[in-house]
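In: Below are the sequence and a predicted model; questions follow.
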Amino acid sequence: MKAKKLSKKISGLYKKLLLDKREELVGDISQISEDTLKKSQKDASGDISGYSFHMADVATDNYDREFSLGLASKERGVLFEINHALQKLQEGKFGSCELCKKPISQARLKAVPYATHCLKCQQNEEKK
């Protein structure tokens, strides 16, 4: 079953959702990068000497940096998915499941506008 083509109004709604989400993610990634990568160990720890005397403090600082970088990496992945969805929207292929080719529900697309699978296929993929 092939997905029906979206109306211009609905297509515009999804495009706005995707662009808004993309703008939000770009801001988040920029903030994480600024907070994590541009701060020195001294700035991050708040220690005026620049060196922490406790191994636990160093480990906590390192964990915080790794956690922040992990978040940024995950958000970059979502950003890629959003760009892919925008491309599909432009090509007229938006809204159909990439596995079964059936339409993705409107409720799912409103919640996750960059979804590439219908709910059933997504559940099957997550079981694997």
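Out: All right, it came through fine. Nothing here was measured: the structure is a model prediction, and the numbers come from that model. Numbers count the residues shown, from 1 in each chain.
In: Which other helices and strands does the lengthiest helix in the chain contact?
Out: Identified as the longest helix of the chain according to DSSP state H is helix 55-91. Other helices and strands packing on helix 55-91, by 3 or more Cβ pairs under 8 Å, 6 or more residues apart in numbering; DSSP states H and E, are helix 8-37, helix 41-45. C-beta coordinates here come from the backbone N, C-alpha and C atoms, glycine included.
In: contacts for stretch 25-35?
Out: Ser68, Leu69, Leu71, Ala72, Glu75, Arg76, Val78, Leu79, Ile82 (Cβ atoms under 8 Å, 6 or more residues apart in numbering).
In: in it, what's buried?
Out: By 16 or more other Cβ atoms under 10 Å, the buried positions in stretch 25-35 come out as Leu25, Ile29, Ile32.
In: Relative to Glu91, which of those is nearest.
Out: Distance to Glu91 across the buried residues of stretch 25-35 (Cβ to Cβ) is lowest for Leu25, with 22.0 Å.
In: any idea of the pLDDT on the closest one?
Out: For Leu25, the pLDDT comes out at 90.
In: do the same with Leu86
Out: 95.
In: neighbours around it, how many?
Out: Using other Cβ atoms under 10 Å, Leu86 has 18 neighbouring residues.
In: What score does the closest residue to it other than its chain neighbours have for pLDDT?
Out: In space, Leu86 comes closest to Leu18 once its chain neighbours are excluded; the distance is 5.4 Å by Cβ to Cβ, 6 or more residues apart in numbering. At Leu18, the model reports a pLDDT of 95.
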